[in-house]
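>>> what follows is a predicted protein model with its sequence.
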Amino acid sequence: METDTIAAIATAMTNSGIGIVRISGGNVLEVLSRIFRPKKKDLQVENLSSHTVTYGHIYDGETMIDEVLVVYMRGPHSYTAEDTAEIDCHGGILVVRRVLEAVLKYGARPAEAGEFTKRAFLNGRIDLSQAEAVAELIHSKNEYARRSSLSQLKGSVSEKIKELRQRILYETAFLEAALDDPEHLSLDGYGERLSVTVRDVREEVEALIVSADNGRMFSEGIKTVILGKPNAGKSSVLNLLLGVERAIVTDVAGTTRDTLEEHLVLNGISLNLMDTAGIRDTEDLVEKIGVERAIEHAKDADLILYVVDSAAGLSEEDKWIMETIGGKRSIILFNKSDLPQALSLEEAGNIFAGFPVISFSAREGTGIPELSGEISRMFFSGMLDFNDEIYITSARQKQALVKASESLGQVAGSIESGIPEDLYSVDLMDAYEALGLITGETVTEDLASEIFEKFCIGK
């Protein structure tokens, strides 16, 4: 358990109304006694009550630095489960730095990235999945990501993983006990019973793996590629969605020659938008490279917005694009609907059978509500309110789940092949250990350090 005292600035380094310097460790009151003078003359720092706010001043020797409020929280009832204090000072960058310098001068050391949360994990206040949720909550880009991270922080993932591990552990313990004491515990028919448990647990693990795709889109955003032939209005669609003139728009075909990336939150859904070069056969070397990049990005996209020029009708390029997006989640934006139409919306629906077709006008600004509604239905089953399902948002957690599923698959295969029962426990324990990586119960110190290095300093 950590005993030294750490400190860091916990608020953004910018001029603001308030700044917070956080301190945690075994000598918090000792450090405070050297720099903090309560306004009440008869109040000694050593006697500060836990979870109270005390008004006073921070000093460096006899030099007053700032007027502050100090919140002292005695462990284990604090974020780190150690004695903790937060100094609320004025939010000027220089002021906050001077307060931190005083704290470090009189007994604390600078905290490493994520060290406060790491201590909370090491001290048993939170598990590793909850610690990762803290970082994801800080970096959440939309309401879905915030609610998903908050759900994990409250223990939704932890509870599910602990339940699955408990079921595996029960079977392993029974198996080992039966092998040690065959006179009192029989393994007759055990393979059939174990196969049911393994099947059920593996199905739940697989469901969590599948949820990782939605979880990734919650936290990172939906990778959305805008595709279409030249002059279909792709850049105009991008500008309309962003609300700013981000992409150059001209009547000259082939104006967009490279990809342009922007982030957008559309009705609570994060989109990582990518405008691409118009798809056509061209001899222009630079434009040709842009077309090739557009095709490559389309292959990796979560969603393709296929912009069709409804005033010009379809061409060979459109047919080729249709073949390219086959099997991808795509929405057809029937653009330029404000102009005389070469193709009706009904005809487009028949041609693009299987894909939603939306009447759209980048010039008039119509079609956005229909687009956001279709994206919601396509990716989140139309649920605009976050539901109670568990979503895996960490690639590390997904990897651990995949390993657990593979080990459970080995158990199922062994049962089916009639392999002796004493070999089941090896793969069962592998699955148990893999799931333990998610909550941190089997995590190595190096892995824990690698995870917390990704945190910001002060958290």
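Cool, got the structure.

>>> buried ones in the stretch of helix or strand Glu346 belongs to?
Using DSSP states H and E, Glu346 falls within helix 345-351. For helix 345-351, burial by neighbour count (16 or more other C-beta atoms under 10 Å) applies to 348, 351. For glycine as for every other residue, the C-beta is placed from the backbone atoms N, C-alpha and C.

>>> avg pLDDT for it?
Throughout helix 345-351, pLDDT has a mean value of 82.

>>> what's it packed up against?
Secondary-structure packing of helix 345-351 (3 or more C-beta pairs under 8 Å, 6 or more residues apart in numbering; DSSP states H and E): strand 330-335, strand 357-359.

>>> which of the ones you listed sits most buried?
strand 330-335 (a mean of 25; mean count of other C-beta atoms under 10 Å).

>>> phi, psi of the residue with the largest distance to the centre of the chain?
Using C-alpha atoms, centre = their mean, the residue of the chain lying farthest from its centre is Glu183. It sits 51.3 Å away. Dihedral pair for Glu183: phi -70, psi -30, per degrees, to the nearest 10.

>>> from Ser236, how far off is it?
To Ser236, Glu183 is 80 Å away according to C-beta to C-beta, to the nearest Å.

>>> how about Val103?
54 Å.

>>> more neighbours, these two?
Legend: neighbour count by other C-beta atoms under 10 Å for Val103 and Ser236, higher for Val103 (30 against 20).

>>> quick one: secondary structure of the closest residue to the more buried one other than its chain neighbours?
Once flanking residues are discounted, Val103 sits nearest to Ala7: 4.5 Å by C-beta to C-beta, 6 or more residues apart in numbering. Following DSSP: H, G, I helix; E, B strand; the rest coil, we place Ala7 in the strand state.

>>> can you pull the contacts of Ala7?
Shown in contact with Ala7 (C-beta atoms under 8 Å, 6 or more residues apart in numbering): 21-24, 31, 100, 103-104, 108-111.

>>> now do Ile36 against Gly114, distance only.
Ile isn't right for residue 36; it's Phe. Using C-beta to C-beta, we find Phe36 at a distance of 26 Å from Gly114.

>>> likewise Gly367?
Note on Gly367: its distance to Gly114, by C-beta to C-beta, is 44 Å.

>>> cool, Ile415 as well?
Look at Ile415 and Gly114: by C-beta to C-beta, they are 43 Å apart.

>>> and if you look at Ala108?
17 Å.

>>> what does Val196 give?
Using C-beta to C-beta, one gets 42 Å for the distance from Val196 to Gly114.

>>> more neighbours, these two?
Gly114 (24 against 9).

>>> the residue lying closest to that one once chain neighbours are set aside: neighbour count?
Spatially, and ignoring its direct neighbours in sequence, Gly114 is nearest to Phe455 (2.7 Å; C-beta to C-beta, 6+ apart). The number of residues packed near Phe455 is 21, by other C-beta under 10 Å.

>>> state the pLDDT value of Phe455.
On pLDDT, Phe455 comes in at 80.

>>> so it sits right up against Thr117, yeah?
Yes - at 6.0 Å, Phe455 counts as touching Thr117 under the criterion of C-beta atoms under 8 Å.

>>> what is in contact with these two at once?
In terms of C-beta under 8 Å, 6+ apart, Phe455 and Thr117 are both contacted by the residues 134-135.

>>> looking at the protein, which helix or strand is least sure?
Least confident helix or strand, the chain: helix 143-153 with a mean of 68, by mean pLDDT, DSSP states H and E.

>>> what's downstream of that one, the next helix or strand?
That would be, after helix 143-153 and using DSSP H and E, helix 156-180.

>>> so for that following helix, mean pLDDT?
Helix 156-180 comes out with an average pLDDT of 89.

>>> packing partners for it?
helix 128-138, helix 190-220, helix 424-439.

>>> show me what counts as buried in the shortest one.
Yep, that's helix 128-138 we're talking about. By neighbour count on 16+ other C-beta under 10 Å, the buried set for helix 128-138 is 128-137.

>>> relative to Glu86, which of those is nearest.
Val134 (16.5 Å; C-beta to C-beta).

>>> doesn't Phe121 make contact with that closest one?
No - applying C-beta under 8 Å as the test, Val134 and Phe121 come out as separate, 9.6 Å apart.

>>> quote the end-to-end distance of stretch 318-331.
14 Å (C-alpha to C-alpha, to the nearest Å).

>>> now do it: distance to the chain's middle.
Here the centre of stretch 318-331 is set off from its chain's centre by 29 Å, with C-alpha atoms, centre = their mean, to the nearest Å.

>>> could we number from 87 for the rest of this?
Will do, 87 is the new start, and the previous item becomes stretch 404-417.
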